[in-house]
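Colleague: Pasted the sequence and its predicted model underneath.
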Amino acid sequence: MKKKIIILVCFIIVLAGVLFFIINKNSEDKNDKNTLKEVKVAEVAHTIFYAPAYAAISKGYFEDEGIKINLTLTAGADKVTAAVLSGDVDVGFCGSEATIYVYNSGEKDYLVNFARLTKKDGSFLVSRKKYDNFKLEDLKGKTVIPGRKGGVPYMTLEYVIKQKGLTPGKDLTLDDSIKFDLMASAFTSGSADYVTLFEPTASNIEKLGKGYIVASVGKESGEIPYTAYFAKKSYIENNETTIQNFTNAIYKGQKWVKEHTAKEIAEAIQSFFPDTDIELLATAIQSYKDIDAWNETPVLKQESFDKLQEVMSSAGELKVKAPYDKIINNKYAQEVTK
């Protein structure tokens, strides 16, 4: 009898210990979630082109790094930079050309790029007409909707067109009167002969039979620092741990996307594109894999940055080149890739 009582007491003690551990663990998890640092991020567009970032969010990499992402769509690079400069958001995400404009404007607390996501133009040229063997030279005499003049999509398209011996304004028309978020609807409503669109919009238009994808601008242009994360110089200096953790999460997303199939990536990020079916998502993702659109690491190399400024100069949008060592900070990207 005494032995049974001892066994029962031991069992109760063990059970109490297990319950205490579970309750304490749940409490710790709750506290961990409550102590995540919120980082407000403004993205210039919502596109599959940014799959590594969405994967980093959906796979919980930011939370693993102690960060809660508050993501908002802020259409237009000029609006993204304005939101960061005003302090409405902490981190901006758009083309690095926007940070060059800010630096050259004389802003003292200028914007600094710290993590690069993509390395090629992510837009696709969509035609109203179906081609068996499209060439960029076929744009002669036509009208294209390329986005805002001075933005990377416009300048990159202009750059590749010039490489083919065509002169915008003379050999073809680039209609920059239409806002970025209205380009697809303008095209399907009958404006222009061509439009440049990101995925999944380009594939959606093709699926509806209202256009045909005929070329990848990124494949034609080669490597360029198309989109990167940036913050005010002062924010980075005062939040180094957060910037490092943010960069760590982005790198994890980049690695995960590189190591997984288009279908697996589509499944991971489908919640960001609820109106797009999984098969179309996978097709669009494969299109970006095929042109090697995503950077393998968050590092933004100087030769790539120089190519961007070359494109800007060619477009007549850059009179003075910005110093690489001022608006590019690879410290955090290099730390995570050691």
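Modeller: Everything's here; your move. Numbers count the residues shown, from 1 in each chain.
Colleague: Can you list the residue ranges for helices in the stretch 101-250 of the chain?
Modeller: Applying DSSP state H, counting those that start in this stretch to the stretch 101-250 of the chain gives helices spanning 152-163, 183-188, 201-207, 217-221, 233-238, 240-259.
Colleague: Residues in contact with the helix or strand just after the last one: which ones?
Modeller: Next in sequence after helix 240-259, counting helices and strands by DSSP states H and E, comes helix 262-269. Contacting residues not belonging to helix 262-269 are listed as 48, 51, 54-55, 58-59, 256-257, 260, 278, 281-283, 285-286, 289 [Cβ atoms under 8 Å, 6 or more residues apart in numbering]. All C-beta atoms are positioned from the backbone trio N, CA, C, and that covers glycine.
Colleague: Now, those that are in strands?
Modeller: Per DSSP state E, strands hold no members of these.
Colleague: Name the nearest residue to residue 226, sequence neighbours excluded.
Modeller: The shortest distance from residue 226 to any non-neighbouring residue, by Cβ to Cβ, 6 or more residues apart in numbering, is to residue 118 (4.5 Å).
Colleague: Out of the helices of the stretch 101-250 of the chain, which is closest to residue 96?
Modeller: helix 152-163 (8.0 Å; Cβ to Cβ).
Colleague: Endpoints of stretch 156-176, how far apart?
Modeller: 14 Å (Cα to Cα, to the nearest Å).
Colleague: how about that stretch: buried residues?
Modeller: 156-161, 166, 168, 171-175 (16 or more other Cβ atoms under 10 Å).
Colleague: Closest to residue 335 out of those residues?
Modeller: Of the buried residues of stretch 156-176, the one sitting nearest to residue 335 (Cβ to Cβ) turns out to be residue 156, at 30.2 Å.
Colleague: Run a quick check on the closest one versus residue 217, I expect a contact.
Modeller: Yes: using Cβ atoms under 8 Å, residue 156 is in contact with residue 217, at 5.8 Å.
Colleague: Next up, the contacts around the most centrally placed residue in the chain.
Modeller: Central residue check for the chain by Cα atoms, centre = their mean: the C-alpha nearest the mean position is that of residue 50, 3.7 Å away. By Cβ under 8 Å, 6+ apart, residue 50 lies in contact with 43, 93, 117, 118, 227.
Colleague: where's residue 122 relative to residue 287, distance?
Modeller: Plainly put, residue 122 is 9 Å away from residue 287 if you go by Cβ to Cβ, to the nearest Å.
Colleague: Please enumerate the shared neighbours of the two.
Modeller: residue 199.
Colleague: Who has more neighbours out of these two?
Modeller: residue 122 (29 against 23; other Cβ atoms under 10 Å).
Colleague: that older thread, farthest-apart pair in the contacts of helix 262-269, please.
Modeller: Of all pairs in the contacts of helix 262-269, the most separated under Cβ to Cβ is 59 and 283 at 21.7 Å.
Colleague: re earlier: tell me the most buried of the helices of the stretch 101-250 of the chain?
Modeller: helix 152-163 (a mean of 23; mean count of other Cβ atoms under 10 Å).
Colleague: For that one, what does the pLDDT average out to?
Modeller: The average pLDDT within helix 152-163 is 93.
Colleague: packing partners for it?
Modeller: strand 173-174, helix 217-221, helix 302-314 (3 or more Cβ pairs under 8 Å, 6 or more residues apart in numbering; DSSP states H and E).
Colleague: Enumerate every residue touching the nearest residue to residue 163 once chain neighbours are set aside.
Modeller: Nearest residue to residue 163 in three dimensions, chain neighbours excluded: residue 220, at 7.7 Å (Cβ to Cβ, 6+ apart). Residues in contact with residue 220, defined by Cβ under 8 Å, 6+ apart, are 136, 160, 163.
Colleague: Looking at those, which is nearest residue 333?
Modeller: Closest to residue 333, out of all of the contacts of residue 220 and judged by Cβ to Cβ, is residue 160, at 27.7 Å.
Colleague: Show the backbone phi and psi for the closest residue to residue 149 other than its chain neighbours.
Modeller: The shortest distance from residue 149 to any non-neighbouring residue, by Cβ to Cβ, 6+ apart, is to residue 176 (4.3 Å). Dihedral angles of residue 176 (phi, psi; degrees, to the nearest 10) stand at phi -100, psi 20.
Colleague: Tell me which residues touch residue 176, please.
Modeller: 146, 147, 148, 149, 154.
Colleague: measure it to residue 282 for me?
Modeller: Distance from residue 176 to residue 282, by Cβ to Cβ: 33 Å.
Colleague: can you check residue 163 too?
Modeller: 32 Å.
Colleague: Equivalent analysis for residue 311, please.
Modeller: Distance from residue 311 to residue 282, by Cβ to Cβ: 31 Å.
Colleague: Check residue 226 too.
Modeller: Counting by Cβ to Cβ, the gap from residue 226 to residue 282 is 22 Å.
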